[in-house]
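**Student:** got a structure for you, letters missing:
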């Protein structure tokens, strides 16, 4: 008896496929497992006897995928947020259940309007998985973490499509490659063409160097999260960052998100002047994370000091429950102890920072998950910079997953990405999405190197998600052109 002969066996296979899909992401990086997981899910949906069965198998796939992939939410709520385990556990579980509803919805739609032939089924399957990834990226302000396309960073051949179609286009192609594995010899030929074209696209120079390289210093302070906002640790934190900067001069220095955990106007004036002097000695600038505004209306900001006039970027896409509390959930956050949890979002359109003679597009922590928001600073910005504090998530999967997301942003835009983090992963990423160098996590160190600004626009930088959404819609329409209607 085969595993797929029983309903329980099919749900078990769906669960195993969700777990296998997670292994395609960082830090496991087995990108080839993602299309195999999609192939298994596609086969289950094609053979399912009812709409309910495909929905439940999609739910099982999603639960395994998200419970394994975003369990670090529990760490931030319970370990560092102070929420009791009996509340943090169910809250994390409910979030994962909500996320699992998206592949469940895709499964329901697949069977209800299942096409008649295999090629249309493949297109319909791919369109649905990509569509729910996209919807998850904006509904309720969006949580596109673990979008399927993120698993296809280099060396995956599909990475070549990122500058054209972005991460949601990669989700479409990934799901399609999985479905093509089930289409016999013609499917394998089509799959080979898709992969060869993707490999060829990786060789295309979408952008070009703009000026000479500049030296950079990315500071990883490794300040324990439990000490970050304690008054007794404040002056020690300031001294730590000053000493690291003084010992590692560069034209552009980056400090992590809220590296200086106080309002900008309450920081010692002589300390800020000393930091600015360090930057001016290199005819350059530094960008540091701090808090701006006042106690009534405050912002998570990055501030420049040095040769250029002071500039401020304020985080515009805030993290729900961490930086703002959704209506009706104040009772839940009363059980947690998260400092500064009611930030005000910054303006939607903010100019790139002019620092070290280059235009720098700064984004803060979670913001680099949203590709269309990153490209707002293009084409003016030649370098991307992310400043983060992922100490909230401890030694979990969050840090390598976040680095993988940053690699996709670099690929999409054809820009280098600099990552300065408190506890990791601090890294320099090329416009091709390759990590040039990085610091070991949970170490106090400075990553030094050189980076060259880029000019020009990739298709994704010019059109955003438009091309991917058009392909998703076209794939769905072609699939539906041969549908059969299911009622149960």
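**Tutor:** Sure thing, it's come through. Just so it is clear, the structure is predicted and the values come from calculations on it, not from any experiment.
**Student:** Below-threshold pLDDT in the stretch 201-350 of the chain: ranges please.
**Tutor:** 327-328, 330-334, 337, 340-341 (pLDDT under 70).
**Student:** Does residue 472 touch residue 129 like I think?
**Tutor:** No. With contact defined as CB atoms under 8 Å, residue 472 does not reach residue 129; the gap is 9.5 Å. Using the backbone N, CA and C atoms, a C-beta is placed for each residue, glycine as well.
**Student:** Between the two, which has more neighbouring residues?
**Tutor:** When neighbours are counted by other CB atoms under 10 Å, residue 472 and residue 129 differ, and residue 129 comes out ahead with 28 against 24.
**Student:** Secondary structure element holding the closest residue to the more buried one other than its chain neighbours?
**Tutor:** Counting by CB to CB, 6 or more residues apart in numbering, the nearest residue to residue 129 once its immediate chain neighbours are dropped is residue 175, at 4.1 Å. According to DSSP states H and E, residue 175 maps onto helix 162-180.
**Student:** Please apply the same query to residue 395.
**Tutor:** Here residue 395 sits in a region with no helix or strand, counting by DSSP H and E.
**Student:** quick one, what contacts it?
**Tutor:** 441, 442 (CB atoms under 8 Å, 6 or more residues apart in numbering).
**Student:** For the residue nearest to residue 129, grab the count of nearby residues.
**Tutor:** 30.
**Student:** I'd like to know how far it sits from residue 216.
**Tutor:** 37 Å (CB to CB, to the nearest Å).
**Student:** if we can go back for a sec, for the helix holding residue 175, buried residues please.
**Tutor:** 162-180 (16 or more other CB atoms under 10 Å).
**Student:** Just checking, which helix or strand succeeds it along the chain?
**Tutor:** Next along from helix 162-180, by DSSP H and E: helix 184-201.
**Student:** now that next one, how far from the chain's geometric center?
**Tutor:** 27 Å (CA atoms, centre = their mean, to the nearest Å).
**Student:** Repeat that for stretch 25-39.
**Tutor:** 17 Å.
**Student:** Touching both of residue 472 and residue 129, which residues are there?
**Tutor:** Contact criterion CB under 8 Å, 6+ apart; residues shared by residue 472 and residue 129: residue 172.
**Student:** neighbouring contacts of stretch 31-48?
**Tutor:** 4, 10, 13-14, 16-18, 20-21, 23-24, 54, 57-58, 61, 103, 107, 110-111, 114, 121-122, 125, 129, 148, 151-153, 155-156, 174-175, 177-179, 181-182.
**Student:** swap the cut-off to 7 Å and go again
**Tutor:** With contacts defined as CB atoms under 7 Å, 6 or more residues apart in numbering, stretch 31-48 is touched by 4, 10, 13-14, 17, 20-21, 23-24, 54, 57, 61, 107, 110-111, 121, 125, 148, 151-152, 156, 174-175, 177-179, 181-182.
**Student:** again with stretch 143-155
**Tutor:** 24-25, 31, 34, 65-66, 69-70, 129, 133, 136-137, 158-159, 167-168, 170-171, 174-175, 369, 404-405, 407-408, 432-434.
**Student:** Also stretch 362-376?
**Tutor:** 142, 144-145, 166-167, 257, 287, 300, 302, 313, 315, 317, 319, 349, 353, 361, 384-389, 405-406, 409, 412-413, 461, 464-465.
**Student:** List buried residues within the contacts of stretch 143-155.
**Tutor:** For those, buried by 16+ other CB under 10 Å: 24-25, 31, 34, 65-66, 69-70, 129, 133, 136-137, 158-159, 167-168, 170-171, 174-175, 369, 404-405, 407-408, 432-433.
**Student:** domain assignment for this structure?
**Tutor:** 3-204+465-480, 208-457 (automatic domain parsing).
**Student:** Is residue 354 part of a helix or strand, or is it coil?
**Tutor:** Judged by DSSP: H, G, I helix; E, B strand; the rest coil, the three-state class of residue 354 is strand.
**Student:** I figured residue 87 hits residue 335, correct?
**Tutor:** Yes. Residue 87 is within contact range of residue 335, at 5.5 Å (criterion: CB atoms under 7 Å).
**Student:** For residue 446, grab phi and psi.
**Tutor:** Residue 446 has phi and psi values of phi -130, psi 130 when expressed as degrees, to the nearest 10.
**Student:** Against residue 220, how distant is it?
**Tutor:** Residue 446 is 7 Å from residue 220, by CB to CB.
**Student:** What strand or helix carries residue 250?
**Tutor:** Using DSSP H and E, residue 250 falls within no helix or strand.
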